[in-house]
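>>> From the sequence below, what's the structure:
(2 chains)
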Number of protein chains: 2
Amino acid sequence: MESTLIPRLSPIAGVKRRRILRIGLLGLGVVGSGVAHILDAIHSTAYAQCGAEIELAAVAVLHKEKQRAVRVPHNIITNDAWSVATDPEIDVIIEVIGGEEPARSLMREALNTGHHVITANKLVLSSALSSFHALARVNRVQLLYEAAVCGSIPVLRSINMLRQTDEIISLRGIVNGSTNYILTAMAQRGISRDEAIAEARAAGFLEADPTLDLSGADAAQKLAILIHHAFGEYVLPNEIETIGITNISHSDIADAQRRGFTVKLVASAIRSERCGGIIARVAPEEIPFDHPFASTNNELNTIELQTRYAGPQLLSGKGAGSLPTASAIIGDVVRVIRL
Amino acid sequence: MESTLIPRLSPIAGVKRRRILRIGLLGLGVVGSGVAHILDAIHSTAYAQCGAEIELAAVAVLHKEKQRAVRVPHNIITNDAWSVATDPEIDVIIEVIGGEEPARSLMREALNTGHHVITANKLVLSSALSSFHALARVNRVQLLYEAAVCGSIPVLRSINMLRQTDEIISLRGIVNGSTNYILTAMAQRGISRDEAIAEARAAGFLEADPTLDLSGADAAQKLAILIHHAFGEYVLPNEIETIGITNISHSDIADAQRRGFTVKLVASAIRSERCGGIIARVAPEEIPFDHPFASTNNELNTIELQTRYAGPQLLSGKGAGSLPTASAIIGDVVRVIRL
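Got it, this is the predicted structure:
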């Protein structure tokens, strides 16, 4: 008699009905174009690799007639994001419009109409994580957002996996590519903060209004999401002590360098029994040259986890950019198929 | 009508029959003790976290009466590894005896009698990967070995996930903790190679016969396994050009340091259309101080993947040690439950 209730792998069955996952994409900007590009590139191999055919069924854009670098069939492009988000023939909504509205309402509507939702929108998520989780649970759908934190790095999946059998003691990371690009330019080439900001904007790493990045607010949003996955608590970004890089001058960096340090904007969180909760903050820190954060340059992000059994775990990769961010979104698409 | 064949999450069902996963552990040395320790520690939470109760059902050891630091009920300890490996009441065999025989035959027998097998044995795997994969396929069981490559780092799982939707272009890594411990001691404290080897042995990072580590053979074994997962090819360790650290002297390291480099033993592989295959080697390399490999010290391992879409992906963590290695094995146990 076998004691196990764990299933063995099932024998190869006859030809099965082909599974199709139909995607509705909201937004065709930097990240959306990357998503469309990868979906097109992997189309012929997706079934063999992922167990389902992945079909880009609809794309909602603001300007329908705009010329685009990415190949998307004209007949699936629409101005009507609401009809895509509520379309019963679509399985998964990928939201890459960004910003507050209409992204927030579109995602809520998509969840309420039974769609799995994948998003890179840390702004909306970080303030609504608890209610969005509840909405996904009630509607029995997945809400996935690996791309919202550290772009290409599968940090949420790694934390989730670790927590099944281990314990996260603390986490620390460089989670904002824009400020890291600016600090790297100031440190490596000795240019002023304003010159570095102008360069970052020209390289596409800053919004027209860079306040969210420079103030540390974007890093605090990501940290709030990380804290939920690492420690199981809901924390709002404005509850996190946040100091940005607006007061960091070239001479601060030059002075640190003379003493063997470089300056990085670091998001950190540690569970503290003494303070009855979690100590979290975003602030510039002096990092010794021989620490892995010191070699995390430009748009790279790095996360360092301290765990009880596995010890330190470090993950690094691009925290921004079209294809790196899109690759994390496609990773979530595969998870929807597998779950 | 919904087009999808992708299942929604099922509604909460009534109380289900509790799933139990019964583990047979072969070996209770450094890694085996770590496995037993973590299984004991997570016993009460495993069902909630992993969806199954994990029960340590039998432990095979060489010396049954030996005093052990880890708590294992005396009645499940046996001298008879063969009876454990073939026990039909056991679901998963964890092999942490190490070395060639009897580990190889025990694993083969366990697979042939319908057991999932989890192992950290890179020596056996690297030379038998193809035949072991075939054996697992025929017997419809899982063969998992995350702990065999880079200890605590989930590098094989990361590569497998990436390859579903991306392409690995190249990989490079510090994959041998013993030689890295020795090179770190020589570089940071200016001691001789022989002194560093003696220290590494005292710290438990070297076998009595350190040849496999020092010659680079252990790194080549790990690289062969990595190559299979990254590129889908079976390569034997002895087909990989391998240069160890036996000829690296203190003055080589001091000379590199004066020029801004540190010396690391690097395993690397790149797919090359030109050469009709894969170019792979293990060799000491001079690494610039600002490269992440330079801050990979002592028993840490680091793997750097270059991918088509996600860009560079870096993973770092402990490559050796009781609990870090055991944590990777426990991660594989969870995968058996989930698959």
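
>>> tell me which element the closest residue to residue A:261 other than its chain neighbours falls in.
Excluding the flanking residues, the one nearest residue A:261 by CB to CB, 6 or more residues apart in numbering or on different chains is residue A:286, at 3.9 Å. Any C-beta I mention is one placed from the backbone N, CA and C, and that applies to glycine too. Assessed by DSSP states H and E, residue A:286 sits inside strand A:277-288.

>>> who does that strand touch, helix- and strand-wise?
helix A:217-231, strand A:241-242, strand A:261-272 (3 or more CB pairs under 8 Å, 6 or more residues apart in numbering or on different chains; DSSP states H and E).

>>> now it against helix A:217-231, angle please.
Strand A:277-288 runs at 120 degrees relative to helix A:217-231, counting by axes from the mean of the first three to the mean of the last three CA atoms, to 10 degrees.

>>> okay, and the helix or strand of chain A with the least pLDDT?
When the helices and strands of chain A are scored by mean pLDDT, DSSP states H and E, helix A:46-50 comes last with a mean of 81.

>>> buried residues in it?
Buried residues in helix A:46-50, defined by neighbour count with 16 or more other CB atoms under 10 Å in any protein chain shown: A:46, A:50.

>>> Can you give the distance of it from its chain's centre?
23 Å (CA atoms, centre = their mean, to the nearest Å).

>>> That helix close to chain B?
Yes - Helix A:46-50 reaches chain B (CB under 8 Å from any CB of the partner chain) through A:46, A:49-50.

>>> Dump those to a markdown table, plus distance to residue B:155.
As requested, the residues of helix A:46-50 next to chain B are exported to a markdown table (distance: CB to CB, whole Å):
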| residue | distance to residue B:155 |
| --- | --- |
| A:46 | 24 |
| A:49 | 19 |
| A:50 | 21 |
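
>>> and stretch A:26-33, does that touch chain B?
No - if you take CB under 8 Å from any CB as the test, stretch A:26-33 misses chain B, and the best it gets is 12.2 Å.

>>> gap between the two ends of that stretch?
For stretch A:26-33, the first-to-last residue distance is 11 Å (CA to CA, to the nearest Å).

>>> cool, stretch A:272-281 as well?
Termini of stretch A:272-281 sit 13 Å apart (CA to CA).

>>> Pull out the buried residues from that stretch.
Of the residues in stretch A:272-281, those buried (16+ other CB under 10 Å) are A:278, A:280-281.

>>> One more: stretch A:215-234?
Buried residues in stretch A:215-234, counted by 16+ other CB under 10 Å: A:215-231.

>>> do the same with stretch A:191-199
Under the neighbour-count criterion of 16+ other CB under 10 Å, stretch A:191-199 has A:191, A:193, A:196-197, A:199 buried.

>>> Mind checking which of these land in helices?
A:193, A:196-197, A:199 (DSSP state H).

>>> Same list (the residues you listed) but as JSON lines, adding pLDDT.
Listed next are those as JSON lines, based on pLDDT from 0 to 100:
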{"residue": "A:193", "pLDDT": "92"}
{"residue": "A:196", "pLDDT": "94"}
{"residue": "A:197", "pLDDT": "93"}
{"residue": "A:199", "pLDDT": "91"}
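
>>> which one of those sits closest to chain B?
Closest approach between these and chain B, by CB to the nearest CB: residue A:196, at 18.6 Å.

>>> if we can go back for a sec, columns mean pLDDT on top of the helices and strands packed on strand A:277-288, output as JSON lines?
Shown next, in JSON lines, are these (pLDDT from 0 to 100):
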{"stretch": "helix A:217-231", "mean pLDDT": "97"}
{"stretch": "strand A:241-242", "mean pLDDT": "98"}
{"stretch": "strand A:261-272", "mean pLDDT": "96"}
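
>>> Reformat those as CSV; add distance to residue B:143.
Below are the helices and strands packed on strand A:277-288 laid out as CSV (distance: least, CB to CB, whole Å):
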stretch, distance to residue B:143
helix A:217-231, 30
strand A:241-242, 47
strand A:261-272, 36
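
>>> mind giving me the domain split of chain A?
Following automatic domain parsing, one gets these domains for chain A: A:20-151+A:324-338, A:155-318.

>>> Can you redo these as CSV, where the extra columns are distance to residue B:80?
Shown next, in CSV, are these (distance: least, CB to CB, whole Å):
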stretch, distance to residue B:80
domain A:20-151+A:324-338, 39
domain A:155-318, 29
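
>>> Which of those sits closest to residue B:257?
domain A:155-318 (12.4 Å; CB to CB).

>>> From one end of the closest one to the other, what's the distance?
So domain A:155-318: terminal residues 12 Å apart, CA to CA.

>>> could you dump the least confident helix or strand of chain A to CSV, C-alpha only?
Coordinates of each C-alpha in helix A:46-50 appear next as CSV, following Å, rounded to 0.1, in the frame of the first residue of the first chain:
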residue,chain,number,x,y,z
ALA,A,46,4.9,29.3,-25.9
TYR,A,47,2.7,26.2,-26.0
ALA,A,48,5.7,23.9,-25.7
GLN,A,49,7.4,25.9,-23.0
CYS,A,50,4.4,27.1,-20.9
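
>>> ok, and what's touching that helix?
Residues outside helix A:46-50 that contact it (CB atoms under 8 Å, 6 or more residues apart in numbering or on different chains): A:18, A:42, A:52-54, A:333-334, A:337-338, B:163-165.

>>> quick one: contacts for residue A:31?
A:96, A:98, A:120, A:147, A:322, A:325-326, A:329.
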